[in-house]
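S.K.: below are the sequence and a predicted model for it; my questions follow.
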Amino acid sequence: MTQAVSLDLGSRSYRIEIEAGLISSTPKLIAPFLRRQRVYILTDEVVEALYVDDLSSILVEAGIEVAYLALPSGEAEKNWSNLIRSVEWLLDQQVERNDLVIALGGGVIGDLAGFAAAILRRGVNYIQIPTTLLAQVDSSVGGKTGINSTQGKNLIGAFHQPSLVLIDVDTLDSLPERQLLAGYGEVAKYGLLGDEEFFWWLEENGPAFASGDEDARIRAIEWSVTTKAQVVEEDEREGDRRVLLNLGHTFGHALETATGYSSRLLHGEGVTIGCALAFELSARLGLGNREAPQRVRRHFDRMGLKSRLSDIPGDLPSAETLISLMWQDKKVVDGRLRFVLPHGIGATFVTDEVPQAELMGLLNDHLGAKL
């Protein structure tokens, strides 16, 4: 089963191809974007061992020269040091503006490689071949690239759209269960923020997705990517509508920063915990359906997802410290902290009118439960 989603941005439009075994078709699919028969792959050391040899062989057999750089893996590696290393390596390779950089890996590599392509020679072409579920349904689509700072996540970056996104669902088979479930958190987010029908579908089909059903995976990825593409078409640079895609992220990014971008908390886990907290906060404020938080947590629990601060191993900072980290969130405007909150499943809105006392109370209640 093959699916394709188009993202219409005028001269910067591109397609997202979704299929099992798609990596084998890479030479044919990238041919329209090759000015010369040479590509530059940025990847990480985990993905290198899994896919670089096969992809390189496929490309070389098609007459395409390959050079690649493998960076250390992990969210903490999405930093200045590895950005500089990537840019200098590409310059050493004498990459030209019309050449093609391939981001092969998860969200860290996609964001970092995309940022390197954005700033190199004022913009080099690149394509995304995402190998994790989280990258396939979220970070590979939409052109947001960047690195982390000690001050917060994704605070340094640029908008730079890829020329093509190739999603090979077979790569999900190589993911550890924890990585797959973390990515599923981003899938569920699309149903929670704007499509209750999709969330109903996930409640029924989520277990099949997790157990490896190919049709269920392609359907869920295509549904997620379609939702994101529609939002990006309306609001490419996150002026208003695209902010809704950050449901759960104000909490989640603060928690990732607090845990040092470490293996204690994966990005998708931060998102699921953040989504659960957003639903609870909205209900406490009288803005959201009071039954929705239980329904969300029930599905997360059934799927084995993290949804509570107590699910994060180790100590967490105080509520005051977590809130101070939220003030570095990209959604802060005119000195006001904004949240994406739900009226109910599939209906979200943006507000900057969350009382500090209510936010503090929510966090202190969950931090107390962790003790």
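M.R.: Looks like it arrived, so ask away.

S.K.: C-alpha from now on. contacts and neighbour counts both.
M.R.: Will do.

S.K.: how about low-confidence regions in this protein?
M.R.: Where the chain drops to pLDDT under 70, the residues are 1, 370-371.

S.K.: where do the helices of it begin and end?
M.R.: Remark: helices assigned in the chain by DSSP state H are 26-30, 45-47, 53-61, 80-92, 107-119, 133-134, 177-194, 196-211, 214-234, 249-258, 267-284, 292-303, 319-326, 356-370.

S.K.: redo these as a markdown table? Include mean neighbour count and distance to Tyr68.
M.R.: Formatted as a markdown table, these follow (neighbours: other Cα atoms under 10 Å; distance: least, Cα to Cα, whole Å):
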| stretch | mean neighbour count | distance to Tyr68 |
| --- | --- | --- |
| helix 26-30 | 15 | 16 |
| helix 45-47 | 17 | 11 |
| helix 53-61 | 16 | 9 |
| helix 80-92 | 16 | 9 |
| helix 107-119 | 28 | 12 |
| helix 133-134 | 26 | 23 |
| helix 177-194 | 23 | 24 |
| helix 196-211 | 16 | 32 |
| helix 214-234 | 20 | 28 |
| helix 249-258 | 25 | 29 |
| helix 267-284 | 26 | 26 |
| helix 292-303 | 17 | 37 |
| helix 319-326 | 18 | 36 |
| helix 356-370 | 14 | 44 |
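
S.K.: do you know which of those lies nearest Val39?
M.R.: Nearest of these to Val39, taken as Cα to Cα: helix 53-61 at 8.9 Å.

S.K.: right, and Ala116 touches Glu88 too?
M.R.: No. With contact defined as Cα atoms under 8 Å, Ala116 does not reach Glu88; the gap is 9.5 Å.

S.K.: chain neighbours aside, what residue packs nearest to Asn125?
M.R.: Leu100 (5.1 Å; Cα to Cα, 6 or more residues apart in numbering).

S.K.: likewise for Pro317?
M.R.: Closest residue to Pro317 apart from its sequence neighbours, by Cα to Cα, 6+ apart: Ala258 at 7.0 Å.

S.K.: quick one: contacts for the one you found?
M.R.: Residues near Ala258 by Cα atoms under 8 Å, 6 or more residues apart in numbering: 316-317, 322, 325.

S.K.: same deal with Ala319?
M.R.: Neighbours of Ala319 in contact, by Cα under 8 Å, 6+ apart: 360, 363-364, 367.

S.K.: same thing but 6 Å
M.R.: The contact partners of Ala319, by Cα atoms under 6 Å, 6 or more residues apart in numbering, come to 363-364.

S.K.: and it, how far from Leu266?
M.R.: Here Ala319 is placed at a distance of 20 Å from Leu266 (Cα to Cα, to the nearest Å).

S.K.: just checking, Leu69 touches Asp44?
M.R.: No. Contact criterion Cα atoms under 6 Å: Leu69 and Asp44 do not qualify, at 7.8 Å.

S.K.: neighbour count winner among the two?
M.R.: Taking other Cα atoms under 10 Å, Leu69 and Asp44 do not tie; Asp44 has more neighbours (23 against 15).

S.K.: so what's the residue nearest to Asn125 up against?
M.R.: 39, 125-126.

S.K.: scan the residues you listed and report the most crowded one.
M.R.: Using other Cα under 10 Å as the neighbour criterion, Tyr126 leads the contacts of Leu100 with 29 neighbours.

S.K.: so it is in contact with Pro162, correct?
M.R.: Yes. Using Cα under 6 Å, Tyr126 is in contact with Pro162, at 5.3 Å.

S.K.: need the nearest residue in space to Asn205, chain neighbours excluded.
M.R.: Using Cα to Cα, 6+ apart and skipping the chain neighbours, the partner closest in space to Asn205 is Ala216 (7.0 Å).

S.K.: distance-wise, check the one you found relative to Leu255.
M.R.: As for Ala216, its distance to Leu255 is 31 Å (criterion: Cα to Cα).

S.K.: next: Thr321.
M.R.: Applying Cα to Cα to Thr321 and Leu255 gives a distance of 10 Å.
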